[in-house]
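> Sequence and predicted structure are below.
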Amino acid sequence: MRRLGMAAAALLLRAVLHVSMVGPCHSRAALLPYRSYAGRIVGITMDATRDDSAGSPATKPVRTAEMQAVLDELALRQRRNVLLAVGSVVAASGLYTVQRLNPADPVKLLRRMEAQSPPLESALKNGKPTVVEFYAPWCESCKLGARDMLKLERRYGGQINFVTLNGDDPRNARMVSLFGVDSIPHIALLTSERALRNTLVGAVPTPILEREIVKLIPS
């Protein structure tokens with residue numbers, strides 16, 4: 001019995017020593033390394049202070065300065081991305097409008113002006129003065145003056161007819177002969193009574209062209 005009692009006492013002492021060395025499974029010492037690592041992932045950290053009133057370790061999640069900086073940076077990037085997206089849409093829309101109004105290729109612009117021109121026969125019958133421009137795709141002066149002519153057309157289009165014709169197109173051969181076109185560009189200015197007031201041939205400076213166009217407008 002004495003030996004059995006001593007053996008039991010030894011086992012009990014060993015168990016007590018084992019528990020005191022390992023600690024309870026839910027203790028701060030056992031779980032802190034893992035939870036600290038997890039906390040870094042989700043942006044929290046474990047408070048290393050003790051709750052003296054309770055007499056036990058206390059933990060509370062708080063945002064780290066590092067994580068807050070990351071969140072601020074992400075928010076800033078998101079705002080920048082939104083601004084860039086909006087800016088890209090506005091820029092693309094503006095570029096499309098500019099290209100539509102001012103095509104990079106002046107020959108395409110001249111052809112578009114011709115396509116939008118009223119038929120000459122109709123223009124001469126509506127009681128307004130008329131400007132007839134003969135151009136050719138190979139004519140450098142025509143290309144250089146295309147945008148300026150378009151601006152004048154937009155400025156005075158409500159008072160004057162603007163008719164653009166391709167002098168190289170066989171379909172316009174009769175008009176080329178009628179207006180005596182032998183050089184291009186050839187601009188004929190007709191009054192509202194269909195009388196030929198003036199003819200401008202070659203690379204005419206825009207101010208001079210505008211001055212002659214304004215003379216067609218009835219005072």
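Here it is on my side, so go on.

> Just the local confidence number for residue 120, please.
According to the prediction, residue 120 has pLDDT 91.

> so how many other residues sit close to it?
18 (other CB atoms under 10 Å). Bear in mind the C-beta positions are built from the backbone N, C-alpha and C, glycine included.

> who's in contact with it?
Residue 120 makes contacts with 130, 132, 163, 165, 175, as judged by CB atoms under 8 Å, 6 or more residues apart in numbering.

> need those in a markdown table with pLDDT, can you?
Formatted as a markdown table, the contacts of residue 120 follow (pLDDT from 0 to 100):
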| residue | pLDDT |
| --- | --- |
| 130 | 95 |
| 132 | 96 |
| 163 | 96 |
| 165 | 96 |
| 175 | 93 |
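
> Where do the helices of this protein begin and end?
Taking DSSP state H to define them, one finds helices in the chain at 2-22, 28-42, 65-101, 106-116, 120-123, 140-156, 173-178, 206-216.

> Out of the contacts of residue 120, the closest to residue 82 would be?
The nearest member of those to residue 82, counting by CB to CB, is residue 163 at 48.4 Å.

> neighbours around that closest one, how many?
Using other CB under 10 Å: residue 163 sits among 22 other residues.

> go on, the one 3 residues further on?
Burial of residue 166 is recorded as 19 neighbouring residues (other CB under 10 Å).

> Would you check that it makes contact with residue 136?
Yes. Under the criterion of CB atoms under 8 Å, residue 166 makes contact with residue 136 at 6.7 Å.

> shaky segments in this structure?
Applying pLDDT under 70 to the chain flags the ranges 1-64, 66-67, 91-92, 94-104.

> so residue 130 sits right up against residue 161, yeah?
Yes. Counting by CB under 8 Å, residue 130 does reach residue 161; the two are 4.1 Å apart.

> Touching both of those two, which residues are there?
Counting by CB under 8 Å, 6+ apart, the common neighbours of residue 130 and residue 161 are 123, 124.

> now the contacts of residue 120 in TSV, with distance to residue 119?
Output for the contacts of residue 120, formatted as TSV (distance: CB to CB, whole Å):
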residue	distance to residue 119
130	11
132	12
163	8
165	10
175	11
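
> Just the buried ones from the residues you listed, in ChimeraX syntax?
To isolate the buried members of these in ChimeraX, using 16 or more other CB atoms under 10 Å:
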select :130,132,163,165,175
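
> So which of the contacts of residue 120 sit within strands?
130, 132, 163, 165 (DSSP state E).

> from those, which single one is nearest residue 180?
Looking across the ones in strands among the contacts of residue 120 and measuring by CB to CB, the closest to residue 180 is residue 132, at 12.0 Å.

> Pull out the buried positions in stretch 212-219.
212, 213, 216.

> Tell me the one among those nearest to residue 180.
The closest of the buried residues of stretch 212-219, once distances to residue 180 are taken by CB to CB, is residue 212, at 17.9 Å.

> Tell me if I'm right that the closest one and residue 200 touch.
Yes. With contact defined as CB under 8 Å, residue 212 reaches residue 200; the gap is 6.6 Å.

> Check the contact lists of these two and give me the overlap.
Between them, residue 212 and residue 200 share these contacting residues under CB under 8 Å, 6+ apart: residue 189.

> That concludes my questions; thank you for your assistance.
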